[in-house]
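S.K.: quick one: sequence plus predicted model below, questions after.
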Amino acid sequence: MNDDKPALGRLFLLSLFMSNVVSGVPIIISGLLLIDIGVSFGYPVGVTGQIATAYSAITIVFALAVGVLSTRYQPKTLLTAGILLNTISALGSYYATSFPMLILAYSLTGISSAIVFPMTATIIGDAFISERRSSALGWATAGNAFSVLFGAPTVSYIASQYGWRSAFLFFMLPISIVGLALVYFGLPKTRARSDSSPRSASEGYRSILSNRSAIACLVGAMFVSVNLSNVLTYAVSSFRERFLVSAGVASLVFSGMAVTAFSGNVIGGNIINRLGRKRVIAPASFLAGMLTIATFNVGVFWLSAAASIVLFLFVSSAFLAGNSLTLEQETEFRGTLMSVNSAARGVGSTLGTMVGGLVLLRYGYSALGYTAGIFGILAVLIYHLFTEEPHGS
């Protein structure tokens, strides 16, 4: 680190890790409880799955706004605001009396997601030298997987005992409050930004749009997100509907996914430093796509579950390598680029869950698997042919 960067305290990485734990909680609830929410409001899974579409859509809009705000406000300030929105969403979702109200309240977590990851990546990009960024980013973003690891069985238990609404009140709300406290006390204060003029935001977007490699990174991120969003949203429901397993058993599979995703983030950071980002992205994205197809098409529960669990080892590595590669493309406008990166992932997630829901309603889970998996495979070509790995950033 350079001498002019703030000293890092013990709580620094823990605060960023916990921020991503908070960000992962809404995905757990929607992934596990779509059927229960649908029963409560009288809708099938393909319809209730659109709360994930709303989440992704709102992420797109606000990620672009955060790209502008990142040139005016400190990353810590924006990160704090993002986690605060999760606490508001938890209360709103608990008290929602209709499905549209639930969508509105849940959508606040999309705004939070648009803020949390870009600011986490920006803080890491500013605080660590290039050789340590991938590892630090891996540990921080492993918070998403960790939230699933302990959150899936917890949410399943709370919902079984007290109903799906209580998962928002008794799990999402307290986790968000803890994350808020850690970010406030664990991240150092930094100097006021010197690039706070409106001109800096437009310059950032122009610079990104003129960078072919950066654009390719964004398209690749979008394709991987199409793949992943369908697995996160519909895999557990497919186990419950295709194989008639209980929510408790399905939550164990979800926890298995979390273990491999956590491993992919932590181990992937070290592998990226040795092999390079592009050499990790290509095989990881390809295998993630193939295993997605297997997850929705294998006719034996434990084989299908195993495919979904192994899938997350590779998709998490692909995400980490892709984010790490993107982080190096525009060092002067990291906050703006990583916000646009979140918007691209939001586009992918929105298209993924929206098209996936339509495919599911019309053709079933098998076709859904092929539709999602192909995008993961196509991402390999985008990253391999059109991106460049900067050196000495």
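M.R.: Arrived safely, thanks for sending.
S.K.: list the buried ones in stretch 366-383?
M.R.: Going by neighbour count (16 or more other Cβ atoms under 10 Å), the buried part of stretch 366-383 is 366, 368-369, 371-380, 382-383. Every residue, glycine included, has its C-beta placed from N, CA and C.
S.K.: just checking, what packs against the longest helix anywhere in the chain?
M.R.: Counting residues, the longest helix found in the chain (DSSP state H) is helix 130-162. If contacts are counted by 3 or more Cβ pairs under 8 Å, 6 or more residues apart in numbering; DSSP states H and E, helix 130-162 sits against helix 11-41, helix 99-127, helix 165-167, helix 247-275, helix 301-327.
S.K.: Thr233: which of the ones you listed is closest?
M.R.: Closest approach to Thr233 among those (Cβ to Cβ): helix 11-41, 6.3 Å.
S.K.: can you list the buried residues in the closest one?
M.R.: 11-13, 15-38, 40.
S.K.: just the ones of the buried residues of stretch 366-383 in helices?
M.R.: Judged by DSSP H, the buried residues of stretch 366-383 include 366, 368-369, 371-380, 382-383 as members of helices.
S.K.: off-centre distance for the helix or strand hosting Asn230?
M.R.: Element membership for Asn230 (DSSP states H and E) is helix 212-242. The chain centre lies 10 Å from the centre of helix 212-242; the measure is Cα atoms, centre = their mean, to the nearest Å.
S.K.: can you check stretch 281-292 too?
M.R.: Mean-position distance between stretch 281-292 and its chain equals 17 Å (Cα atoms, centre = their mean).
S.K.: just to revisit the earlier point, so for the longest helix of the chain, mean pLDDT?
M.R.: For helix 130-162, mean pLDDT is 84.
S.K.: report the contact partners of Met354.
M.R.: Met354 sits next to 50, 53 when contact means Cβ atoms under 8 Å, 6 or more residues apart in numbering.
S.K.: so how far is Lys76 from it?
M.R.: 34 Å (Cβ to Cβ, to the nearest Å).
S.K.: can I get the helices and strands packed on helix 130-162 in a markdown table including mean pLDDT and distance to Ile175?
M.R.: Converted to a markdown table, the helices and strands packed on helix 130-162 look like this (pLDDT from 0 to 100; distance: least, Cβ to Cβ, whole Å):
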| stretch | mean pLDDT | distance to Ile175 |
| --- | --- | --- |
| helix 11-41 | 87 | 6 |
| helix 99-127 | 89 | 12 |
| helix 165-167 | 93 | 11 |
| helix 247-275 | 83 | 15 |
| helix 301-327 | 91 | 20 |
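S.K.: make CSV from these and add distance to Ser285 to it.
M.R.: Below are the helices and strands packed on helix 130-162 laid out as CSV (distance: least, Cβ to Cβ, whole Å):
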stretch, distance to Ser285
helix 11-41, 20
helix 99-127, 19
helix 165-167, 32
helix 247-275, 12
helix 301-327, 5
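S.K.: now for those, which one comes closest to Gly346?
M.R.: Closest approach to Gly346 among the helices and strands packed on helix 130-162 is made by helix 99-127 (7.1 Å; Cβ to Cβ).
S.K.: show me what the closest one is packed against.
M.R.: helix 11-41, helix 50-69, helix 75-95, helix 130-162, helix 301-327, helix 334-363.
S.K.: the fifth one: how far from the chain's middle?
M.R.: With Cα atoms, centre = their mean as the basis, helix 301-327 stands 12 Å off its chain's centre.
S.K.: which helices and strands does that helix pack with?
M.R.: helix 99-127, helix 130-162, helix 212-242, helix 247-275, helix 277-297, helix 334-363, helix 365-386.
S.K.: buried ones in that helix?
M.R.: The neighbour-count check on helix 301-327 (16+ other Cβ under 10 Å) flags 304-327 as buried.
S.K.: do the third one as well
M.R.: Under the neighbour-count criterion of 16+ other Cβ under 10 Å, helix 75-95 has 75-94 buried.
S.K.: can you redo the helices and strands packed on helix 301-327 as a markdown table with distance to Thr59?
M.R.: Formatted as a markdown table, the helices and strands packed on helix 301-327 follow (distance: least, Cβ to Cβ, whole Å):
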| stretch | distance to Thr59 |
| --- | --- |
| helix 99-127 | 4 |
| helix 130-162 | 14 |
| helix 212-242 | 10 |
| helix 247-275 | 19 |
| helix 277-297 | 21 |
| helix 334-363 | 4 |
| helix 365-386 | 18 |
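S.K.: buried set for stretch 93-107?
M.R.: 93-94, 96, 99, 102-107.
S.K.: turn the residues you listed into TSV, including distance to Gly138.
M.R.: Below are those laid out as TSV (distance: Cβ to Cβ, whole Å):
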residue	distance to Gly138
Ser93	30
Tyr94	33
Ala96	35
Phe99	37
Leu102	33
Ile103	33
Leu104	34
Ala105	32
Tyr106	28
Ser107	29
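S.K.: from the residues you listed, pick the one nearest Ile58.
M.R.: Lowest distance from Ile58 to those (Cβ to Cβ) belongs to Ser107, with 4.5 Å.
S.K.: relative to Gly151, which of the helices and strands packed on helix 130-162 is closest?
M.R.: helix 11-41 (4.6 Å).
S.K.: contacting residues around the nearest residue to Ala216 once chain neighbours are set aside?
M.R.: Excluding the flanking residues, the one nearest Ala216 by Cβ to Cβ, 6 or more residues apart in numbering is Phe386, at 3.5 Å. Phe386 makes contacts with 212-213, 215-216, 219, as judged by Cβ under 8 Å, 6+ apart.
S.K.: now swap in Val224 and tell me
M.R.: When contacts are counted by Cβ under 8 Å, 6+ apart, Val224 touches 285, 288, 315, 318-319, 322, 345, 348, 375-376, 379.
S.K.: which one of the buried residues of stretch 93-107 sits closest to Leu232?
M.R.: Tyr106 (14.4 Å).
S.K.: look up how far Gly46 lies from that closest one.
M.R.: 17 Å.
S.K.: great, nothing more from me.
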